[in-house]
Each structure stands twice: as structure tokens, then as C-alpha cells.
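In: After the sequence you'll find the predicted model.
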Amino acid sequence: MYIFYEQAKNSGNKETIRRGALMKMLQNSAQTLPLWIGGPGEKPPPLCGAVPPEINYIGKIGDMVACLVRAVEGEENWILAEIVNFNATTNKYEVDDIDEEQKERHTLSKRRVYPLPLMRANPETNPEALYSKGSIVMALYPQTTCFYKGVINQLPTLATEEYEVLFEDPSYADGYSPPLMVAQRYVIQIKESIKKK
């Protein structure tokens, strides 16, 4: 890896390395997310697969989250970010955009921050902790750090597999992208506040 990095650095292709390293880190994070294994009859806990967080849940410093942020142009986007701080007095998070190119810090109200799953659900033992086929979700678009609205097309059948997601995309005749694979870690419940008008 070091030799490859040196060659790329010397060729002036530092941005590609950063981006590639970030995408690899996100993929590793998804693959190494702990798999929840419960006892007989034990229900999966909050933030396991599709199980939502508890109402009063506060993310920990260093946790990755989905955040609704306002861009300079005024449009709002869901981005992948890391929690830097939570102020209980103001009920606001400070988060850093995970994307090196943006690297912005945002102060956001709790309702604009949604935690990512802390554990993967095992489709063989806990299919109830997965989103069902046809569910409308927010998912991290492959090779980006943004979440977009999509529909679950296929569920994982093994703990090592990913969801197959159809993302909303008006450039296709049926309004959806071809099926794309997204890890459980980066598929979250759609929030009411972001429904299209």
C-alpha cells in the first residue's frame, strides 16, 4: 500500500488516494460491524439492523451518523458524519463531515441526526430485524458519502450479504436506478421530515 501511495503522491493524484482510502474505510467499517447473536426467543436490541434507536438515544463521540445538512446553495442533503460532541443543554450535536474534501463541522439539532446501526442482524436467525422487500429507506449511495431515498429490492440471506437497493433516479424511465448493493450499516429508516413535497 505504501508504494502505491508514494507512486500516486508523486504523480500528483493525492485526491484519488484520499477518496479511495475513505471508500475502503467505509467498506471495512460495514464488514467489521459486529453481528448480533441472541439467545432463543431473544429480540434484537435497538440499532441492530433495521431496529430503530430508542426515543431518548444519544450517540457517542466517534459514532458515525446520517445528518441532514443545508448546502451553501440552500438545498438539504443527508451526509455521513462523525459525532464530535453532544450538548445536552441545547440538545444539539456537533458533527464532522466524513468526506475529506468537504471536512466541514456542523452544529445540528438532534432531529437532524440519525444513528447508524451498531450491529448487523443475522438474516438466518433474526429476519425481523431487517427491512422488508419494498421498504422505503435512506441508503448510502455506493462510492459516495451521501444518503439517498431508495427501495429495498432484495434482502440479504446471509449475515455477510448486503441489501439490494433501487435508488430514486429520474434519469431512468421507471424512476429508479439499477439495483445497487448497500451494507446493513448504511441503510436507515426514512425520516418523516424528509418526505418529498
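Out: Happy to help now that I have it.
In: quick one, longest strand in the protein?
Out: Of all segments of type strand in the chain, defined using DSSP state E, the longest is strand 76-87.
In: helix, strand or coil for L22?
Out: Look at L22: counting by DSSP: H, G, I helix; E, B strand; the rest coil, its state is helix.
In: gap between stretch 89-102 and the chain center?
Out: How far stretch 89-102 lies from its chain's middle: 15 Å, per CA atoms, centre = their mean, to the nearest Å.
In: So, low pLDDT: which residues of this protein?
Out: 1-17, 100-102, 192-197 (pLDDT under 70).
In: give me that answer again for 80
Out: 1-19, 71-72, 100-103, 191-197 (pLDDT under 80).
In: Skipping its backbone neighbours, what lies nearest the residue nearest the centre of it in space?
Out: Nearest to the mean C-alpha position of the chain, counting by CA atoms, centre = their mean, stands Y186 at 3.0 Å. Spatially, and ignoring its direct neighbours in sequence, Y186 is nearest to L140 (3.5 Å; CB to CB, 6 or more residues apart in numbering). In this view, the C-beta of every residue, glycine as well, is placed from N, C-alpha and C.
In: what does A183 give?
Out: A30 (3.4 Å).
In: Can I take it that the one you found is in a helix?
Out: Yes: under three-state DSSP, A30 sits within a helix.
In: Is A159 in contact with P127, as I believe?
Out: No: if you go by CB atoms under 8 Å, A159 and P127 don't touch, sitting 11.5 Å apart.
In: just to revisit the earlier point, got the angle between the helix or strand that the longest strand of the chain is followed by and strand 76-87?
Out: Scanning forward in sequence from strand 76-87 by DSSP states H and E, the next helix or strand is strand 92-97. Orientation of strand 92-97 against strand 76-87 (axes from the mean of the first three to the mean of the last three CA atoms, to 10 degrees) gives an angle of 120 degrees.
In: That's all I had, so thanks and see you.
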